[in-house]
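**Q** After the sequence you'll find the predicted model.
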Amino acid sequence: MPHAPPLHEAPRYPLVSFMMVAAVLLSLWNRNAQIPEWVLGDGISLRTPWVLVTSAFFHGDPAHLIFNLLWLWSLGTRAEWAWGTGRTVLIMIFLAAISSGTEQAITGPCIGLSGVGYGLWGLLATAQRRVPRLAGSIDKTTSQLFIIWFFACIIMTALKEMNVANIAHGAGAAGGWALAHCMTARHHRGLWIAGTTLVSVVVLVLALR
């Protein structure tokens with residue numbers, strides 16, 4: 001498991017701390033059914049493109065919320081420490097949009113930060129091979145947990161035991177993997193950026209249609 005900083009160090013990670021507080025407050029707000037359209041919208045569309053990101057902060061139940069917050073704190077703080085708050089804002093927006101956008105384009109709207117969690121896993125697991133300060137960010141056990149949970153969620157969804165945004169999980173992981181290459185590749189970096197941009201634009205167009 002990656003080492004997570006103690007919670008009293010939250011001021012050192014303003015973005016991740018803000019995201020966690022926002023997720024708690026908006027998820028509680030959601031349970032009271034008092035969400036205005038400008039926050040969550042009536043689905044994702046050209047009229048409400050921000051929902052690609054804001055939908056990630058809403059969760060269906062406390063277990064869903066707590067599980068995602070644990071991984072956000074564990075992995076998100078590592079990203080914010082490595083790349084700074086400003087760049088990590090862009091990383092989080094990309095991961096939220098690509099995961100929820102792909103789910104929207106294929107099956108429909110989804111909520112939750114799990115796509116971002118899978119994106120951070122894909123990003124850090126790939127980037128740590130090239131960025132010395134990220135060495136050890138993702139160990140073998142963590143990767144095994146993410147992979148096992150990915151397939152367990154697919155099975156539980158197929159058995160109708162849970163309704164999981166499995167496509168968002170996969171798209172988040174793939175988006176994090178591609179983003180890591182865009183940020184750290186030593187060769188053909190321009191091709192990685194062009195390819196990732198093209199795929200992202202196609203996904204967003206399909207999601208917002």
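**A** Received the coordinates, thanks.

**Q** Mean pLDDT per element in the chain, and the minimum belongs to which helix or strand?
**A** Ranked by mean pLDDT, DSSP states H and E, the weakest helix or strand in the chain is helix 37-40, scoring a mean of 54.

**Q** Once you drop chain neighbours, what's closest to Phe67?
**A** In space, Phe67 comes closest to Ser114 once its chain neighbours are excluded; the distance is 7.8 Å by Cβ to Cβ, 6 or more residues apart in numbering. All C-beta spots, glycine's among them, are computed from the backbone N, C-alpha and C.

**Q** let me fix that: Ala97
**A** In space, Ala97 is closest to Leu52, 4.3 Å off (Cβ to Cβ, 6+ apart).

**Q** Counting neighbours, what do you get for the one you found?
**A** 23 (other Cβ atoms under 10 Å).

**Q** And it, how far from Leu90?
**A** Separation of Leu52 from Leu90 (Cβ to Cβ, to the nearest Å): 14 Å.

**Q** next one: Leu204
**A** 15 Å.

**Q** quick one: which of those two has more around it?
**A** Neighbour count, other Cβ under 10 Å: between Leu204 and Leu90, Leu204 has more, with 19 against 11.

**Q** Extract the residue ranges of the chain that are flagged as low pLDDT.
**A** Counting by pLDDT under 70, the chain contains low-confidence ranges at 1-2, 30-46.
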